[in-house]
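Novice: What would the 3D arrangement of this be:
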Amino acid sequence: MKTEKKLSQKEQKALVGNAVIDRLFERGLIKSGMKIGLGTGSTAIIAVERLASYIRDGKVSGIKAVATSFQTHIACEENGIPVYTLNSKEIAGKLDLSIDGADEIDPDNNLIKGGGAAHVQEKIVEYNTKRLIIIADESKLVPHLGTKFPLPVEIIPASRGPVVREMEKLGASCVLRSCAGKDGPIVTDNGNQILDCTWPALSDGSSPVNPAKMEDRVNKITGVVENGFFTKNKPLVFIAHADGTVEER
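Specialist: Have a look, this model is predicted:
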């Protein structure tokens, strides 16, 4: 009996990154003249490159992009996608569509984002968009947020001690994120630091965290810039599976 090949995680990312642009274009959800937010990370960059191919082929024109990180801004420049900011008069603070990846996705399409330390700019963009599209491979699906992949919390460096103390009061364990290829902690595009915070799972394996409530509670701590729970703009999610299918939910 022949065993069908299963797609690797890298292949799943390529599948969903390309498929999402194709499907959105076919449905008229990507069209000429749109203002589009473009996310950060390996899966999102595949979608950026696919969108660029549509522009080069003349399938769409007049696209105005807002990038969520230096990485994505550079990718747009390299691929010929015009880049603006939310403050640009051409954008006027509001986007038609945003496409991004995620680090965890729960059954209610709540998200944890920020594995690439770009969640502050991602949230600014994606909380100011009419339609949010999230793309990911199947490994990002979880029953509960915050028990495995840590919640990134961007902080003003001078506030690290007090923020850790307040996060511990909320039941979290915190680690200051270190930077690969550089001594010391990671520095975000905004010049800040990242605390990675996790909550131990309960005895039944569930999470003690309500993502929507915790998103607000963490942001009330003095010194916190923004955290990686995304609950206030529910997305349409595209998930690539190892069997080669792309699920929508």
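Novice: switch to C-alpha atoms for all contacts and neighbour counts from now on
Specialist: Noted.
Novice: contact partners of the helix or strand E215 falls within?
Specialist: Assigned by DSSP states H and E, E215 belongs to helix 211-219. With contact meaning CA atoms under 8 Å, 6 or more residues apart in numbering, helix 211-219 is reached by N110, L145, M167, V224, V225, E226, N227, G228, F229, F230, T231, K232.
Novice: which residues of the chain fall in helices?
Specialist: For the chain, the helices defined by DSSP state H occupy 9-26, 42-56, 70-78, 119-126, 160-169, 211-219.
Novice: E138 is nearest to which of those?
Specialist: helix 9-26 (8.0 Å; CA to CA).
Novice: Please save the CA atoms from that closest one in PDB.
Specialist: Taking C-alpha atoms only, helix 9-26 is exported to PDB below (Å, rounded to 0.1, in the frame of the first residue of the first chain):
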ATOM      1  CA  GLN A   9       6.100  22.600   8.100                       C
ATOM      2  CA  LYS A  10       8.100  24.600   5.600                       C
ATOM      3  CA  GLU A  11       5.900  23.200   2.800                       C
ATOM      4  CA  GLN A  12       2.800  23.900   4.700                       C
ATOM      5  CA  LYS A  13       3.800  27.600   5.100                       C
ATOM      6  CA  ALA A  14       4.500  27.900   1.400                       C
ATOM      7  CA  LEU A  15       1.100  26.300   0.600                       C
ATOM      8  CA  VAL A  16      -0.900  28.600   2.800                       C
ATOM      9  CA  GLY A  17       1.100  31.700   2.000                       C
ATOM     10  CA  ASN A  18       0.400  31.300  -1.700                       C
ATOM     11  CA  ALA A  19      -3.100  29.900  -1.500                       C
ATOM     12  CA  VAL A  20      -4.400  32.800   0.600                       C
ATOM     13  CA  ILE A  21      -3.500  35.400  -2.000                       C
ATOM     14  CA  ASP A  22      -5.000  33.200  -4.800                       C
ATOM     15  CA  ARG A  23      -8.300  32.700  -2.900                       C
ATOM     16  CA  LEU A  24      -8.700  36.300  -1.800                       C
ATOM     17  CA  PHE A  25      -8.100  37.500  -5.300                       C
ATOM     18  CA  GLU A  26     -10.600  35.000  -6.800                       C
END
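Novice: Report the buried residues of it.
Specialist: 9, 11-22, 25 (16 or more other CA atoms under 10 Å).
Novice: quick one, what contacts E4?
Specialist: Applying CA under 8 Å, 6+ apart to E4 gives no contacts.
Novice: Look up how far I239 lies from it.
Specialist: Going from E4 to I239 by CA to CA, to the nearest Å gives 20 Å.
Novice: Tell me what the residue nearest to G39 when sequence neighbours are not counted is bridged to.
Specialist: Leaving aside its sequence neighbours, G39 sits nearest to D100 (CA to CA, 6 or more residues apart in numbering; 4.2 Å). Beta-bridge pairing of D100 under DSSP bridges involves I134.
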